[in-house]
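>>> sequence unknown, structure follows:
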């Protein structure tokens, strides 16, 4: 992707006289025995301890682990982007023969971007909000390659075309806030790959994106890596994604590498208990309709202010014995696949202590009738900006939800999936009375046609758990006050018994009763989400709406939250409306699935029916975007045209026709397809006939060729 007509310059290498060159022979990047501390008010936090890692030219290496495991610290140490309170205690980092830890600042500035590219998780923190996108990218060419302004502009246009940004010339004039998250991430990828660096570090580049957008970004990264032969360090907690991009894998836990080896070998035969549990925590959509409790980790990661002796994972390991507290654990093994478990050869044949359960049948009480019936529900916003008010322009209408009809059975889990902007959260907010609506909602036969008719009984019976607990938990109140407030609001407990009910609820969500005295900022993300779940369940609701509550969580935390919801449902008979853009997770836990696109439901069926056609073309695209946690499988990608249209001006006819790869013709543009039952319990809104939709080839199929590159 090197820009035409621009001659690159080279960074002067600083000899690494103190490092044995034999250790790094054949490696582009060699990290040896790296130790990094963060100086805090409670003493040094030993974030990275003894990490050794190498990357060959053209190789893609995945670094996988939970949040706080030290992944980003390793990456930032390579380019010396560590925070001011970080200290490299010991170790060495060699890149292209240069000692990165001893490189002068001037050489380091020239090397960043030029020889090592970076793509961060959140593009909003990487792009300057005060400069147009084109100016930010052109500046890179002028700084690193001394290009003229005209040459830099031409190179930027070429870049934007290569990463499939729409209308590159127009895009150059846009500011970051005027483009989507996926478009901003494409700009960052263009910057990272443009100068032909030897190494690109990708730090969770798709975590905050929808499944379809993430799949497109992932495909772009694979194409660019194959085209340029650039080596890459891919950092993520998403095993499904790393399985598709990395040839080799390193698993990090609490600052230590616990397993390393070829990606296909690690995924199909993980040795370390931590890796085994990570792999098992991700549902595999290729498997049968089997539904099980996902393996979940007990306890929490160790306190890295005082790292434990012996195996760092022993406190959470289901196979730990006394010897694990004594013997140090270093990577061991003669071949390329190594692990840091002294008992791995003894426990490989032992199953993880999580029972596998058959598919949970639709609850018997569902035969008593629907719990919640939604009929022709519509949510339209009238929004006006400050500029509209100054210019006396009429407010714009946002068609968030447009004529949605469905039912939630008693005790079932109905999954609701779709991209961001499809109206899922607007629907959820309307169902709990946070947004006005037209149409009707009936709870156990009681009809409600407007928000004002939702009385105390309804609001108690229908609870909601939001995506971000930080924005839904009052930071000025203790956990006990947060959970206890609904009890007082609905007069469900006396003042004297509130504390007892709160302690009881904390135990039910697997939190110590002592947490009642803590504040939200003293809890981890998973713990805060458990508090939000406790607040919803303390009033014994009949329906709980879960709005993207696992989005952004580590797979291990996600598994524990999903298991907790299943346990509470089994105990209480509560029904769920589980909203997510992760179709893989929804298919795994839901009894039925509704697929929503731009304010309308386009498919509704049993979760097991999603394993084979017929399915709506949009559902087909969502399924093909699921990151499969198995390098031996490949998805048949269904590419969508363009971006999601604005809900301010949705397309006429079938709203999906502007992106549909199977569009029939004018009928799709002018006529709204009705929701038709194509087989018992399976409804699809599409002009294409069910027989034709049923002929779609499989989404997933095994692959046998060697994965990765280099």
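Arrived safely, thanks for sending. Predicted model, so just to flag it, every value in this text is computed and none were measured. Residues are numbered from 1 along each chain as shown.

>>> Spell out which residues make up each domain of the protein.
20-115+197-203+225-359, 122-196, 364-385+396-693 (automatic domain parsing).

>>> Now do the contacts for the residue nearest the centre of the chain.
For the chain, the residue nearest the mean C-alpha position is residue 207 (4.0 Å; Cα atoms, centre = their mean). Neighbour list for residue 207: 121, 236-238, 552 [criterion: Cβ atoms under 8 Å, 6 or more residues apart in numbering]. (C-beta placed from N, C-alpha, C; glycine too.)

>>> Just the ones of the residues you listed in strands?
Members of these lying in strands (criterion: DSSP state E): residue 236.

>>> Determine which two of the contacts of residue 207 are furthest apart.
Farthest apart among the contacts of residue 207 by Cβ to Cβ are 236 and 552. That separation is 12.3 Å.

>>> Looking at the two, which one has more neighbours?
Using other Cβ atoms under 10 Å, the more surrounded residue of residue 236 and residue 552 is residue 236, with 23 against 17.

>>> list the contacts for the more buried one?
62-64, 204, 206-207, 242.

>>> Could you pick out the buried ones from the residues you listed?
62-64, 204, 206, 242 (16 or more other Cβ atoms under 10 Å).

>>> Pick out the most distant pair among the residues you listed.
Pairwise over the buried ones among the contacts of residue 236, using Cβ to Cβ, the maximum falls at 63 and 206, 14.9 Å.

>>> burial count for residue 44?
Going by other Cβ under 10 Å, the residues that sit close to residue 44 add up to 14.

>>> Look at it and give its secondary structure.
Look at residue 44: counting by DSSP: H, G, I helix; E, B strand; the rest coil, its state is strand.

>>> Next up, the contacts around it.
By Cβ under 8 Å, 6+ apart, the residues touching residue 44 are 37-38, 87, 305.

>>> do residue 677 as well
If a contact means Cβ under 8 Å, 6+ apart, then residue 677 has residue 683 as its contacts.

>>> quick one: secondary structure of it?
strand.

>>> give me the beta-bridge partners of it?
Taking DSSP bridges as the rule, residue 677 bridges to residue 683.

>>> gap between it and residue 428?
Using Cβ to Cβ, to the nearest Å, residue 677 is found at 26 Å from residue 428.

>>> again, but for residue 125
From residue 125 across to residue 428, the span is 28 Å (Cβ to Cβ).

>>> Show me which of the two is the more surrounded one.
With neighbours defined as other Cβ under 10 Å, residue 125 and residue 428 compare such that residue 428 has more, 22 against 8.

>>> Next up, the contacts around the nearest residue to residue 467 once chain neighbours are set aside.
Excluding the flanking residues, the one nearest residue 467 by Cβ to Cβ, 6 or more residues apart in numbering is residue 548, at 3.9 Å. By Cβ under 8 Å, 6+ apart, residue 548 lies in contact with 424-425, 467, 579-581.

>>> ok so, going back, out of the contacts of residue 44, which are buried?
Applying a neighbour-count criterion of 16+ other Cβ under 10 Å, the buried members of the contacts of residue 44 are 37-38.

>>> Of the contacts of residue 44, which pair is most distant in space?
87 and 305 (14.2 Å).

>>> Tell me where the stretch 501-650 of the chain has helices.
Counting by DSSP state H, counting those that start in this stretch, one finds helices in the stretch 501-650 of the chain at the ranges 525-537, 555-572, 583-589, 617-624.

>>> for the stretch 201-350 of the chain, that is, sorry about that
211-228, 239-245, 263-268, 273-280, 344-347.

>>> model confidence over the longest one, on average?
Looking back up the chat, that one is helix 211-228. Helix 211-228 carries an average pLDDT of 85.

>>> got the contact list for it?
1, 60, 163-164, 180-182, 185-186, 189, 193, 196, 200, 202, 205-206, 209, 230, 232, 241, 244-245, 419, 581-583, 621-622, 624-627, 637, 639-640, 709.

>>> Now which of these would you call buried?
For these, buried by 16+ other Cβ under 10 Å: 1, 60, 163, 181-182, 185-186, 189, 193, 200, 202, 205-206, 209, 230, 232, 241, 244-245, 419, 581-583, 621-622, 624-627, 640, 709.

>>> Now distance to residue 149 too, for the helices of the stretch 201-350 of the chain, in CSV please.
As requested, the helices of the stretch 201-350 of the chain are exported to CSV (distance: least, Cβ to Cβ, whole Å):
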stretch, distance to residue 149
helix 211-228, 26
helix 239-245, 36
helix 263-268, 43
helix 273-280, 49
helix 344-347, 58
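
>>> Show me the one of those that comes nearest residue 453.
It's helix 211-228; of the helices of the stretch 201-350 of the chain, that one is closest to residue 453 (Cβ to Cβ) at 36.4 Å.

>>> now that closest one: how far from the chain's centre is it?
A distance of 16 Å separates the centroid of the chain from that of helix 211-228, by Cα atoms, centre = their mean, to the nearest Å.

>>> ok, now stretch 574-589?
Going by Cα atoms, centre = their mean, where stretch 574-589 is centred and where its chain is centred differ by 14 Å.

>>> quick one: average pLDDT of it?
89.

>>> swap in stretch 143-150?
Stretch 143-150 comes out at a mean pLDDT of 87.

>>> Stretch 85-103 too?
Stretch 85-103 shows a mean pLDDT of 94.
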